[in-house]
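Undergrad: sequence first, then the predicted structure, then my questions.
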Amino acid sequence: MIKNLLAVTFCSLLNAQSYGNGCSVPSTNPVTVISSTSARIANPIFILYTDVASLRGPEGSAVVFLGSEPRSIQICNGCYQLTSADLFAIPHIFPLNGINKVVILPTIPNDPCLIGQRLYIQSMIMMKFSGSLAGFTATNGIALTIED
């Protein structure tokens, strides 16, 4: 389930840590990503982008990567892939018309074997003008531990 929101109330997680830095090409303010609900089995994780209003273009094509381990692979001009993409990826499109926040809601499966496992999350967003790539941004990474 994907929702675009202008404002959202959220709480910070004790089991979430930010790591790495976001980047943008061309250089603007990098978008940050924050997780805002407990990473529990059978519970959606709110993945919140902030600073989205700094992106330019009619729409952004994005993908959220969820992986089982952190990475640090340079992909372009100082931008790094900060997570493996071995668990799953969530592609989505959202308008870049002054929206301040974008929330993605993947649900953690209701499987007790997942308790204690770490998830690593990062988003990459491509800005488009008339179907042509106008820019790219990668967020920071978030590491979560799944709880009971």
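TA: Received the coordinates, thanks.
Undergrad: check which residues of stretch 140-148 are buried.
TA: Using 16 or more other C-beta atoms under 10 Å as the test for burial, stretch 140-148 gives 140-147. C-beta: built from backbone N, CA, C; applies to glycine.
Undergrad: chain center to it: distance?
TA: Its chain's C-alpha centre and that of stretch 140-148 lie 12 Å apart, by C-alpha atoms, centre = their mean, to the nearest Å.
Undergrad: alpha carbons of that stretch, as CSV, please.
TA: Taking Å, rounded to 0.1, in the frame of the first residue of the first chain, the C-alpha atoms of stretch 140-148 are listed here in CSV:
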residue,chain,number,x,y,z
ASN,A,140,20.4,7.5,3.8
GLY,A,141,20.0,4.0,5.1
ILE,A,142,17.9,2.8,8.0
ALA,A,143,18.6,-0.4,10.0
LEU,A,144,15.7,-2.0,11.9
THR,A,145,15.5,-5.0,14.2
ILE,A,146,12.2,-6.9,14.0
GLU,A,147,10.5,-7.3,17.3
ASP,A,148,7.8,-9.6,18.7
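Undergrad: pLDDT weak spots in the chain?
TA: Low-confidence segments of the chain (pLDDT under 70): 1-15, 26-30, 35-37, 46, 50-58, 97-101, 129-131.
Undergrad: Provide the strand pairings for the helix or strand that contains residue 93, with the direction of each partner.
TA: Counting by DSSP states H and E, the element that carries residue 93 is strand 88-95. With DSSP bridges as the test, strand 88-95 is paired with strand 59-67 (antiparallel).
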